[in-house]
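> here are the coordinates; sequence isn't available:
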DNA sequence: AATGAATGAGAGTTCATTCAT
DNA sequence: GATGAATGAACTCTCATTCAT
């Protein structure tokens, strides 16, 4: 699927992607030197998120991106070396944004079970605004396996680490480990697909409540609150 | 990700795919009439599973398939109308095979929690033999969304139905529903990815034990065994 | 410049190229398996000699080749992996044909000075029929340096070897070596350019006579005839 | 091949080219009016000699030139109307410099055979410092045929004229003419390629000695010294 | 004069699909 | 049925040239 925690590309505000991805482009050695250049790069990145989100990497085209961005075909290559490269920048950007979006919700929670609940709720809400995230991160499996693996490995590792810390605090059972982290990530990703992308009917909080209740009994320590 | 329950393409025996997929092809209106034809169709389907499993749908090519199958390029079109069509046949075949592989393990269990444990163990074991299943089902999201959705919807529905039956039997909590079904499917898919495709180190039974313990407390009814 | 000894591409007979170049293509792993395929390959090779001879490698285009050959653009790639590859095949073919054309004239001569005279005359005559050879072999310096170097190195080496043999027979001076071989090759190439490609006025035999007279005194042994 | 007589682009001092070529550029109607402009033009011309020498005309790029020159891409068009135009300026410049380099050595000789010897030695030495000259003049055959022809025609004509004068002085045979001029030019060009560009082992003087001895007998008048 | 972003025509290459043998 | 050559639309990427700043 896609991700363990929210994103922001092509946001309603229309510019959120660029923050991180523009840096990736920069680190790829094609940083714009003028304000006009920065505007163009931003337009291309937003357009790429749209194009790939709608059509996927292979069906999407560079000319589709530049058409959406309202720039000439050649301008694309002023900022990216190849179609693969924008895609890579986008995947990393989305991965970062998902993480940045849910982290505060998780941090704000007082108890680890509540943290997981908040994370899932926040993730589902986020996915609703950024349905393209699934298509983009999923297709990375084929186009940029490294980013794909990195995304899931680091997401799972973050979950594992916070569960371990919670175990130390006595909030979750001591035998909780990597298996549980991957299990939770998998649940979140599929619930995001079902209740974020597929159908908007359910209330994210309700879905999160149901899962949290299961987790409280499944991995929580009774009376640790 | 990919799937909730096992597959069989490109099996060690090298022919398993064909049973089901050949019927799909037949239903697509190109059933071979001679024994020679049946052999060619089987070769093409096995080769397609290999090709798409290795390279994905877009990077895979019809000529790659016929080369692997040892038949002429043109022969492909004797059995399939298009590249999309083999892929569709393959996705449905895999979906069916995953289902057919895990179902017996689930049926054999005495208690629902044990059934879920057996299903996951069986699934991980299966994935190890058919790592291409993830790539194929995942890419269906772009190539054949209908099959993709059908696969996950029907898998989740099967889980939901058996949990409902178990609730009636008093083996799992009465409040278990669709959310739990999608959560379990997500866990299974990601654990299959992590411990089936990615890394062969862990013992599937151990992974399944950890998950079953969590589920027993999370959704199980104490003393229902 | 171009070459030390004659060529044959795009000959009046229109098919000469293919003999050798078709084998190169074959050795490149794309040998046609049917008579129709052989005809197409021949048409492409002849067209490539024309296209590159007229426009040079960089200005020439694959679509120009297929247009001349009267085949579809894609058919080109049935026989060659790239534009570079036809060019390479062509250069090697031309090198071989130049050699094959002049060698008999040289062999037929009774004395080495007469052999050099006959070689030059034959070369000029040949160049007049295949003016494109200069453009093709010259541009190889940029496109396929290996073939370019090989062409001149082997041509010079052939001259050196036959002069050495002649020295043993007492027909030319004993101190004749590599320097003289390259000098003779250079003379031939430029006289071919001047009296073969550039201007058809002079009689090749007259040019060859003048050079032979100079060589007779310059490297010949008096009274060795 | 390339040329009959010396050049100077991309010289060790790094600026020599400009003297002549800047005039060509000027004659092309874009003479710089300030000292800063002259410096920029010089930098572009030197960079162009490097770029085209290394990569050839077609593989070389305007942006490669400006990068080497350390100026902005757009600045190129302040001094040249097109890529072709720099190349043309460069070819003429190189032709002139080759001529200017060898002429003094030829003039200084007391006897025509010695003059030819000195010319060849000087040419080989020169080529070693300016190996790019072959690539540049050779590619002119495709890019700027007029300059290409002019270069060889005028070089051959200079040789012919000095041989005619020498014949009048009784230093070379009376029957020496255009054929001999082209032959000598061809020898020089190929010996420059072999012992100047390709391999630095041989001593230019030794090569020139061998050729001079051959010419002395071939076209010289005995006892004319 | 200098800068560097923007432009867009053009070229090479791929490959699903067709069809004559 | 099988074969493999032929087709051509489609796409990515390059780069000379222009132009606003």
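Noted; the coordinates are in hand. No experiment lies behind these values; they were computed from the predicted model shown.
> what's near enough to touch the residue nearest to residue A:204 when sequence neighbours are not counted?
Excluding its sequence neighbours, the residue lying closest to residue A:204 (C-beta to C-beta, 6 or more residues apart in numbering or on different chains) is residue A:124, at 4.0 Å. (Each C-beta comes from the backbone N, C-alpha and C, glycine too.) Listed by C-beta atoms under 8 Å, 6 or more residues apart in numbering or on different chains, the contact partners of residue A:124 are A:191, A:192, A:195, A:196, A:204, A:207, A:208.
> which of those residues has the most neighbours?
residue A:192 (32 neighbours; other C-beta atoms under 10 Å in any protein chain shown).
> can you tell me if the host helix or strand of that one touches chain B.
Assessed by DSSP states H and E, residue A:192 sits inside helix A:178-192. Yes - applying C-beta under 8 Å from any C-beta of the partner chain, one finds helix A:178-192 in contact with chain B at A:178-180, A:182-191.
> Report the next helix or strand after that helix in sequence order.
Using DSSP H and E, the first helix or strand after helix A:178-192 is helix A:204-218.
> Regarding whichever residue of chain A sits closest to chain D, what is its secondary structure?
The nearest approach of chain A to chain D comes at residue A:33, 11.0 Å away (C-beta to the nearest C-beta). Using DSSP: H, G, I helix; E, B strand; the rest coil, the structure places residue A:33 in coil.
> ok, now how distant is the residue most central in space within chain A from DNA strand F?
With distances taken as C-alpha atoms, centre = their mean, residue A:98 lies nearest the centre of chain A, 3.2 Å away. Distance from residue A:98 to DNA strand F, counting by C-beta to the nearest atom of the strand, to the nearest Å: 26 Å.
> quick one, phi psi at the residue lying closest to residue A:70 once chain neighbours are set aside?
Of all residues not flanking residue A:70 in the chain, residue A:43 sits nearest, at 6.7 Å (C-beta to C-beta, 6+ apart). Main-chain dihedrals, residue A:43, degrees, to the nearest 10: phi -60, psi -40.
> which one of the contacts of residue A:124 is nearest residue D:136?
Nearest to residue D:136 out of those is residue A:192 (C-beta to C-beta; 61.9 Å).
> Now the phi/psi pair for residue A:172, please.
phi -130, psi 160.
> hang on, the earlier thing: what about the residue nearest to residue A:204, which SS state?
State at residue A:124, reduced to three classes by three-state DSSP: helix.
> related to what we said a few turns ago, measure how buried the residue of chain A closest to chain D is and give me the count.
Other residues lying near residue A:33 total 7 when counted by other C-beta under 10 Å.
> quick one, phi psi at it?
phi -100, psi -10.
> what does chain A have sitting close to chain B?
Counting by C-beta under 8 Å from any C-beta, chain A comes close to chain B at A:1, A:56, A:58-59, A:134-135, A:138-139, A:141-142, A:149, A:152, A:156, A:175, A:177-180, A:182-191, A:193-194, A:198, A:207, A:210-211, A:214-215, A:217-219.
> Can I have the buried ones of these as a PyMOL selection?
Burial among the residues of chain A next to chain B is assessed by 16 or more other C-beta atoms under 10 Å in any protein chain shown; the matching PyMOL selection reads:
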select buried, chain A and resi 1+56+58+134+135+138+139+141+142+152+156+178+179+180+182+183+184+185+186+187+188+189+190+191+193+194+198+207+210+211+214+215+217+218+219
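> Was I right to think the residue nearest to residue A:70 contacts residue A:72?
No - with contact defined as C-beta atoms under 8 Å, residue A:43 does not reach residue A:72; the gap is 11.8 Å.
> Which one's more surrounded, the two?
residue A:43 (20 against 13).
> Quick check: that one vs residue D:196, distance?
Applying C-beta to C-beta, to the nearest Å, the value for residue A:43 to residue D:196 is 54 Å.
> cool, and residue A:110?
Remark: distance between residue A:110 and residue D:196 (C-beta to C-beta) = 82 Å.
> What of residue A:105?
Using C-beta to C-beta, one gets 73 Å for the distance from residue A:105 to residue D:196.
> neighbours of the residue in chain A positioned nearest to DNA strand E, just the number please.
Proximity of chain A to DNA strand E (C-beta to the nearest atom of the strand) peaks at residue A:74, 1.5 Å away. Residue A:74 has 8 neighbours, counted by other C-beta under 10 Å.
> same thing with residue A:109?
14.
> Setting the sequence-adjacent residues aside, check what's closest to it.
Leaving aside its sequence neighbours, residue A:109 sits nearest to residue A:115 (C-beta to C-beta, 6+ apart; 3.7 Å).
> Quickly find the element holding the one you found.
Per DSSP H and E, residue A:115 falls inside helix A:112-129.
> Report the buried residues of that helix.
In helix A:112-129, counting by 16+ other C-beta under 10 Å, buried: A:112-127, A:129.
> same question, stretch A:72-82
So, applying 16+ other C-beta under 10 Å, buried residues of stretch A:72-82: A:75, A:76, A:79, A:80.
> so of those residues, which ones are in helices?
A:75, A:76, A:79 (DSSP state H).
> Quick check, the second one in contact with residue A:45.
I take that to be residue A:76. No - here residue A:76 does not reach residue A:45: they are 10.7 Å apart, not a contact under C-beta under 8 Å.
> list residues touching both of the two?
With C-beta under 8 Å, 6+ apart, residue A:76 and residue A:45 have common neighbours residue A:86.
> For the residue nearest to residue A:70, which residues are in contact?
Applying C-beta under 8 Å, 6+ apart, the residues contacting residue A:43 are A:69, A:70, A:71.
> mind giving me JSON lines with the residues of helix A:178-192 next to chain B and columns for pLDDT and distance to residue C:52?
Below are the residues of helix A:178-192 next to chain B laid out as JSON lines (pLDDT from 0 to 100; distance: C-beta to C-beta, whole Å):
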{"residue": "A:178", "pLDDT": "97", "distance to residue C:52": "62"}
{"residue": "A:179", "pLDDT": "98", "distance to residue C:52": "64"}
{"residue": "A:180", "pLDDT": "98", "distance to residue C:52": "66"}
{"residue": "A:182", "pLDDT": "98", "distance to residue C:52": "59"}
{"residue": "A:183", "pLDDT": "98", "distance to residue C:52": "64"}
{"residue": "A:184", "pLDDT": "98", "distance to residue C:52": "64"}
{"residue": "A:185", "pLDDT": "98", "distance to residue C:52": "58"}
{"residue": "A:186", "pLDDT": "98", "distance to residue C:52": "59"}
{"residue": "A:187", "pLDDT": "98", "distance to residue C:52": "63"}
{"residue": "A:188", "pLDDT": "98", "distance to residue C:52": "60"}
{"residue": "A:189", "pLDDT": "98", "distance to residue C:52": "56"}
{"residue": "A:190", "pLDDT": "98", "distance to residue C:52": "59"}
{"residue": "A:191", "pLDDT": "98", "distance to residue C:52": "62"}
